Every structure is written in structure tokens, then in C-alpha cells.
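S.K.: From the sequence below, what's the structure:
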Amino acid sequence: MKTLVMTGGGTAGHVTPCIALLEEMKKRFDRVIFIGGDGMEKDLVPKVMPFYSVPTVKFFRKEIYKNAAIPFVLQRGVRAAKKILVQNDACAVFSKGGYASLPACLAAKSLGVPVVCHESDYTLGLANKLESRFAKSVLTSFIETKGGTYVGNPIRKEIMFGDAERAKKNYGVGKKKVLLIIGGSSGSEALNRTIYKGLDVFLADYDVVHICGKTGDLSIRRDGYAQTRYAEDVADLYALAEVVVTRGGSNALNELAALGKKAVVVPLPKGESRGDQVLNARSYERRGFFTVLEQEDLHVETLLDRIKKAESNAQKATELTAANERIANIVASVALVR
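M.R.: Numbering: from 1, shown residues only. Take a look at the predicted model:
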């Protein structure tokens, strides 16, 4: 029995691409399981495939002293992952990066199990940089990315088949054009503050659906305004939205480009991240997809101005939807030559 192990996690951005690939992977492997930590993967993955949790530890870029625990926790995680790989007779590991992917990938290396890692962002993240040293193949989402083979980013099939009418009913909006605000799986304090401050301004021209994440204030209510911490029906919201305001995560940008949506991207700045969102956003902007607004320039007036500009700009990138099959074929080929 051929068992593929998927790994990644910490944030939804390291998990949802694996879920997007699941259908194609099941065509090529008898069984697909997931090894992660205690991030969002523990909530998202068990709904669709067997999930195993191992000890993981995050690298802290600011509070460096916290990194002293990494070697000890990582060692425990690798031992636990090795047991899971052996028990499930794993023939390959597919990594989406993030700190939660390291135990499974290091365990695979020690057992001689081939690893394929995929990077969603413009540059390789720390985990993928480490894993790329021994991976059989390194795959990238941006043609500009150095150190790997360009294949594109996995995309969820259901994203292409959203139901706008269902979203109207579920969120009680749609009398006006709909503005969709997405702050990412952890939310965005900067975006949330701007939306709350200018809510009456935005509502003058749009109905607003606001995915506010953990940092949102759900007590705020207005006619034509719907707020939720997390939306599992984002495909329906995409279908409904006239314009989307989003962070610069590669998965969201890839989905919006594939759908041909009009969007304003407010990337997380360097310092609050490793700077990947800015690079992601600028790459899509250069290709003519989206309007970018730097967080330092984020105000009610500037955001409204970019939203108006975005309404006249959208193009569809249908080639982005072919990444799933390309990635699955590469992983299957690596597993066969083990």
C-alpha cells in the first residue's frame, strides 16, 4: 500500500494547499495522511484525512531567547514523526513548509523516505530552505523564485464554483455591490481598524462582508454589514464580491487571480513578517492583476481610492488552475523511484 504523508502547518496558508491537492493525490496513492502540530491544521485537516500531531516549535524572529527550546522540542517531534512514518509505511512526504513541517521532513530524511517541498511565497521560507537541502524536488508558486522548479500554487476546486445567491442569503447582503474584506486566518488589526473607522464611508457605496479573524470586534453592527471571524464558504463570497480587499498571502492571491476578481492587496509589511507578502503582492501587480496598497499608507481615504481603481481592473489567469495535477505527478514520480 502506497502511503503519502503531507505535512505543514501553523497557519491556514500551510494547510489549505494540502487539502486542495488531496483529490489528485488520492488518484496516485492508496492512502494519504497528514502530520502537523497544534496550529490550524488540527482543526482543518481531520475533516478530510487522518491527522497525526507531533511536538513542533516556532522560530521567533524578534524574541530570540525563546528559540533556545527549538532543539529539544524538535528532537521529540522527529522521534514521534519517525514512528508515524514507519507505522504507515510512508513512501513519500509532501511538505508545504512552516515550522510544523520540520519534524516529518527530518524524520523522512533519517529513514530514506523522499521529500518534496512546495513554497507558496515569492521566496523560500525558513523551513523550506532547510528542507530544500535534502528534498528530492523543490517546487515554487512564482516563476521568479530561485532554488526550485516553477509549478504554480495548489488551488481548491470548490473555489471555482461559488454560489453568489447562497452568500447573499447567508450574510443578508447584496442590495448594493459587495465589498469583501479578508484579513487572513489570524485576522489583521490594521485592516480591521481601518474598516471600523471608515465603515459608514464604505457602506455608502457597498454592502460589506468582513472576515475579521481573531482580532475583530463582533459587537459592531450596521445595515448592509456582515462580520465573521472565519468563513468556510469563502467560495460563495468570492462569487458574490465586486471587489476584494485582502492581505498578500499567496494562496488568496492565487485564488483571486484564477477567478479574475478585482482586488486591493494590503500586504503584511516586513518586520511583522519576513516580507514575503510584499513580494507576493508586487509580483501579481506587475502582471496586471491587482492594486497594491502598502500598510504604511493604509487609511480610510486611500483604501477607498484603491477600491474604486480596482473596479476597473481584473484579468483571469486560467493557467493557475492546472497546478494541482502538475504537483501530484511530480510527487508520485519521486515516490516511485525511491
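S.K.: Tell me which residues are up against the helix or strand harbouring A108.
M.R.: Per DSSP states H and E: A108 is located in helix 102-111. Outside helix 102-111, the residues that touch it by CB atoms under 8 Å, 6 or more residues apart in numbering are 5, 7, 35, 54-56, 74, 77-82, 84-86, 90, 93, 95, 113-115, 117, 127, 130-131, 134-135. C-betas here are computed from N, CA, C, even on glycine.
S.K.: same deal with stretch 141-157?
M.R.: For stretch 141-157, using CB under 8 Å, 6+ apart, the contacting residues are 16-21, 23, 118-124, 129, 132, 137-140, 235, 250-251, 254-255, 258, 280, 283, 319-324, 326-327, 330.
S.K.: Which members of those residues occur in strands, if any?
M.R.: If you go by DSSP state E, these have H118, E119, S137, V138, L139, T140 in strands.
S.K.: Can you give me the pLDDT of the second one?
M.R.: The score at E119 is 95. That number is its pLDDT.
S.K.: that's a strand at V208, yeah?
M.R.: Yes - the assignment for V208 by DSSP: H, G, I helix; E, B strand; the rest coil puts it in a strand.
S.K.: after the least confident helix or strand in the chain by mean pLDDT comes which helix or strand?
M.R.: When each helix and strand of the chain is scored by mean pLDDT, DSSP states H and E, helix 70-87 comes last, with a mean of 88. Counting by DSSP H and E, the next helix or strand C-terminal to helix 70-87 is strand 90-95.
S.K.: Tell me how far that next one lies from the chain's centre.
M.R.: Here strand 90-95 is found 20 Å from its chain centre; the criterion is CA atoms, centre = their mean, to the nearest Å.
S.K.: Just want the angle from it to helix 70-87.
M.R.: 140 degrees (axes from the mean of the first three to the mean of the last three CA atoms, to 10 degrees).
S.K.: F34 against V54, yeah?
M.R.: No - with contact defined as CB atoms under 8 Å, F34 does not count as touching V54 (10.9 Å).
S.K.: mind checking how far the nearest residue in space to C91 that is not next to it in sequence is from Y230?
M.R.: Using CB to CB, 6 or more residues apart in numbering and skipping residues adjacent in sequence, the residue nearest C91 is A335, 4.6 Å away. Distance, A335 to Y230, using CB to CB, to the nearest Å: 34 Å.
S.K.: cool, and L22?
M.R.: 20 Å.
S.K.: who's more crowded, these two?
M.R.: Taking other CB atoms under 10 Å, L22 and Y230 do not tie; L22 has more neighbours (19 against 15).
S.K.: List the contacts of that one.
M.R.: M6, V32, V48, M49.
S.K.: quick check: domain ranges of the chain?
M.R.: 3-154+322-336, 158-320 (automatic domain parsing).
S.K.: What is the neighbour count of T7?
M.R.: The local packing of T7 (other CB under 10 Å) involves 35 other residues.
S.K.: re the thing from before, now the contacts of stretch 141-157: which count as buried?
M.R.: Among the contacts of stretch 141-157, those classed as buried by 16 or more other CB atoms under 10 Å are 16-21, 118-124, 132, 137-140, 235, 250-251, 254-255, 258, 280, 283, 320-321, 323-324, 327, 330.
S.K.: Any chance of TSV for the ones in strands among the contacts of stretch 141-157, columns distance to P103?
M.R.: Output for the ones in strands among the contacts of stretch 141-157, formatted as TSV (distance: CB to CB, whole Å):
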residue	distance to P103
H118	17
E119	18
S137	20
V138	19
L139	21
T140	23
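S.K.: Identify the farthest-apart pair in the residues you listed.
M.R.: Largest separation among these by CB to CB: E119 and S137, giving 11.6 Å.
S.K.: residues contacting the closest residue to I330 other than its chain neighbours?
M.R.: Once flanking residues are discounted, I330 sits nearest to S137: 5.7 Å by CB to CB, 6+ apart. For S137, the contact set (CB under 8 Å, 6+ apart) comprises V116, C117, G148, T149, I330, V334.
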